[in-house]
Structures are given as C-alpha cells and as structure tokens.
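> No letters, just coordinates:
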Ligand code: GLC
C-alpha cells in the first residue's frame, strides 16, 4: 500500500496517528492514569498481536471500503447477512500469537463501519454479529481463547460510526450525533462489563468529520467521563490515547523508521504485516528483515510493538502472514532474554547501528550493523563490565579504558539483523 493509494480521509487518519512521540496528546486527567506498578506487565510484554477483521474483510479492499467507495449504509448492512466465517478458530489465532512470541493482543471489535463483533444490544439498529449470518459473539470467543492461552486480552473500539450523518456534521445534526455518542457509551459499557478482565482498551477514531485531532473532538465525546466509566469497570485496564484523553501510553502508527534517542514515556508502535490493515486477496506481506528492524528500533527506545494481521472473511490468517509470524517467533525465542522484561538503555541508541536494553545488572547490546560496530569505541556504561558474552554463552573479547569500550565479536558469530551482546556489569 502506498500513500498514493490511500484516499484523503484515510491518509490523514494515518498521518495524524504517526505522532511525534516526545509529547503527550490529549486532555490530561491524571487521576485516570494507571500507576507504574500496573503498567509493568505491559512494559515487560513488548510484542502484541493486532487483528483487523470484520465485514470489510469480505470486500477485500481495506477497512475503509465503505467510506472510500461511498457504499450506502443500507447496502453495506447487507454484508452482515453473508458474514458467516467457516474457519473461525480463535484458539488457533492464540496459539499462533504465542508461537510468534506475542504476550498480548488487540482485536478490532468494531471499526468505523459500525459493525459490532459481539452481541450488542447497544448497537444502533442491532448491527452486530449476533444478527449476522454467523449468529455468534466473536468477542466472547476471542476473549475466552486468548485468556485461556495465557495472553493478555485487548479490545479495539472506534466510537465514530460512518452510518451516522451526525458524525460528519455534529453541530448541525446534533440529534443524530447524540445517537452515535449514546451508542459509543453503551458499547464501551458492554465491552468493559461482559467479558471479564480487559487488559487493554484501544480506541481509534475519536475525532469528528475526519478532521482535527481526537482532543479537538473532546467537547463532543467527553473522553474523561467516558474513561471514568471504563476505570470503574476495569480499574487496571491499559488505555490508549485515541479517545481524546492522553491515556496510559502514546501510539505511533505505520512502518516508518524510528530513530533518535530513547523515548522516555510509555509508547507503542502499531503497523501491519500485510500492507493493508484488513484482508486483501493479493497476499502481500512485509519482508521479515524490515519487521525485525522496526522491532529492535522500538525495543531499544522503550517502545512496544503491536503487529497487525489481516484474516480472510472465513477467519483464517493467510499462510504468508502465518509464516512471517513464525519467523518472528523464532527471532523472539532466540533473543527473548534481551527483550522481554527489559527497559531501554543505559546507552542511547546510535541509529541503524546499535541500541541497548537492560534488566538488573545485565545490559544487552543489539547490534544491527556489525561491520560499523566492530570499528567503534562505545561510551563506557555507568558500571564496570564483569563479563561479555553472546546469548549462546560464548565469550566475547572486549577492552575497556577511559576512552570507552570496544567489543570484538568473532566474525562467524555476526548476525544479519541483531547480534545480541550481553554485558554483565557490577551490581
Ligand atoms: C489507521 C487506519 C485505521 C486503522 C488504524 C489502526 O488509522 O485508518 O483503519 O484501524 O490505523 O491503528
């Protein structure tokens, strides 16, 4: 997918969400924020699965198809009568997520088209999966399966809904817009009261008429009031910023490079493995090297990664995406010690060459460019190095003096994507 292929509103949705991570966007309401202790599991987890799947998957041209192709709401609603996935198997998704080394997941429960993937009495016109050909509560099945597999469970929810003309003219068509808002509050209440512990609530589309920012639309959505309800239902749920309130972490969207220093706030990058967020018959998948590069760039700067897959209308994750997830799993298995449960630093990353993570008195260098690194003298870490090894336990020669440290990894041990060097420092 190139920027050219995206239409105006969809493109600006993407661009507004690839924010400058240095600052927090949205309305401040510090009493809603989780305390450090409740954020720790999320900081430790590092990698999650994002899933875009719904009626739009049947059209095969992205989750914005209804809007982009100007499909009238009544015509679009007919898709529900055909939505009857034959291969729906959330246990399989959960197993795959685990095999990929993921520790949490976020499933789209309702996108901007308004179709709810659960039994939703609050849905305007009962546009939900219980009233589709499938007659199922997919959110129930998903939360059960993922929780059972030991993964933390997250829900994506878009308060905006293209079916309402009031979304586009919230002031002029205030009554209609109010119906949309009522639906949003009702559905968030359903999602946060009927499916057990929800670990992550991931809003999207808190803006109005596809313009301005989510915070600009706060007069309408009242995100603080909305999230006060969420907090009373789910006291420890990690909430993203896209409702217009700053939330518990910041989002960065899309596969662009992450460079520069460690970003000293909680943040997560989301991007799709499949060029579009939702299913396209042409199964293009991102090259493994590009995915891993972004992952390392995020981990060494303190970010999590939420990697999106795009199941087909039958509920299957296409083979090319499955293969990629398994390759990512192999990478995470090999290098997990230097990723899970770590924090970034103490050395600042050097773009495209190396970065660092740490856990207790273990420091992990993630080297992306061995030939350049091999010639470098690094600033000495704050504590004396006791030993230097690779993750396979083999010793690595190093020299430390007042100039810094130089580390000589034997050439045969150089890895193309991430050569991890473990430094044990004095406690
Ligand atoms: C973009 C897309 C939207 C998708 C979201 C995920 O904003 O426009 O459809 O759900 O990214 O973060």
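Sure thing, it's come through. What you are looking at is a predicted structure, and each value in this text was computed from that prediction instead of being measured. Residues are numbered from 1 along each chain as shown.
> Give me the secondary structure label for the residue in the stretch 51-200 of the chain that the ligand sits nearest to.
Proximity of the stretch 51-200 of the chain to the ligand (Cβ to the nearest ligand atom) peaks at residue 63, 4.8 Å away. C-beta coordinates here come from the backbone N, C-alpha and C atoms, glycine included. Following DSSP: H, G, I helix; E, B strand; the rest coil, residue 63 is assigned to coil.
> Contact residues of the stretch 201-350 of the chain facing the ligand?
Applying Cβ under 6 Å from any ligand atom, one finds that the stretch 201-350 of the chain approaches the ligand through 204, 253, 270, 277.
> same thing but at 8 Å, please
Taking Cβ under 8 Å from any ligand atom as the contact definition, the stretch 201-350 of the chain meets the ligand at 204-205, 251, 253-254, 270, 277-278, 308.
> any idea of the pLDDT on the residue of the stretch 101-250 of the chain at minimum distance from the ligand?
Closest contact between the stretch 101-250 of the chain and the ligand, by Cβ to the nearest ligand atom, is at residue 204 (5.2 Å). pLDDT for residue 204: 96.
> most centrally placed residue in the protein?
Ranked by distance to the mean C-alpha position of the chain (Cα atoms, centre = their mean), the top residue is residue 306 at 2.8 Å.
> So this structure: which segments form each domain?
16-338, 345-425 (automatic domain parsing).
> Of those, flag the one that's most buried.
Highest mean neighbour count of the domains of the chain: domain 16-338, a mean of 19 (counted as mean count of other Cβ atoms under 10 Å).
> gap between the two ends of stretch 214-223?
Counting by Cα to Cα, to the nearest Å, you get 9 Å between the two ends of stretch 214-223.
> Please list all residues in contact with the nearest residue to residue 359 once chain neighbours are set aside.
Distances taken as Cβ to Cβ, 6 or more residues apart in numbering put residue 342 closest to residue 359, at 4.8 Å, once the chain neighbours are dropped. Residues in contact with residue 342 (Cβ atoms under 8 Å, 6 or more residues apart in numbering) are 46, 299, 357-359, 364.
> Out of these, the closest to the ligand would be?
residue 46 (18.2 Å).
> pretty sure the closest one contacts residue 296?
No - the criterion here is Cβ atoms under 8 Å, and residue 46 misses it with residue 296 at 10.9 Å.
> what residues are up against residue 415?
Residues near residue 415 by Cβ under 8 Å, 6+ apart: residue 370.
> What of the one 4 residues further on?
If you count contacts by Cβ under 8 Å, 6+ apart, residue 419 has them with 366-367, 370, 373, 390, 409, 413.
> can you tell me how far it sits from the ligand?
In this structure, residue 419 and the ligand are 32 Å apart, going by Cβ to the nearest ligand atom, to the nearest Å.
> Look up phi and psi at that residue.
phi -90, psi 110 (degrees, to the nearest 10).
> now it, which residues is it bridged with?
Bridge pairing for residue 419 (DSSP bridges) gives the partners residue 367.
> tell me the secondary structure for the residue nearest to residue 164 when sequence neighbours are not counted?
Distances taken as Cβ to Cβ, 6+ apart put residue 180 closest to residue 164, at 4.1 Å, once the chain neighbours are dropped. Under the three-state scheme (three-state DSSP), residue 180 adopts helix.
> Need the pLDDT of residue 180.
pLDDT, read off for residue 180, is 98.
> Okay, it and residue 345: tell me how far apart.
Counting by Cβ to Cβ, to the nearest Å, the gap from residue 180 to residue 345 is 44 Å.
> swap in residue 116?
42 Å.
> do the same with residue 81
54 Å.
> what's the pLDDT at the residue nearest to residue 131 when sequence neighbours are not counted?
Using Cβ to Cβ, 6+ apart and skipping residues adjacent in sequence, the residue nearest residue 131 is residue 80, 6.6 Å away. Looking at residue 80, its pLDDT is 98.
> Give the helix, strand or coil label for residue 80.
Looking at residue 80 with three-state DSSP, the answer is helix.
> can you map out the helices along the protein?
Per DSSP state H, the chain carries helices over the ranges 8-17, 36-45, 56-59, 65-68, 73-77, 90-99, 138-148, 165-168, 174-193, 218-221, 223-233, 288-299, 319-335, 370-374.
> pLDDT averaged over the second one, what's the number?
Confidence for helix 36-45, expressed as mean pLDDT, is 98.
> For it, which outside residues touch it?
Residues outside helix 36-45 that contact it (Cβ under 8 Å, 6+ apart) are 103-104, 152, 199-200, 236, 238, 248-249, 266, 304, 340-341, 343.
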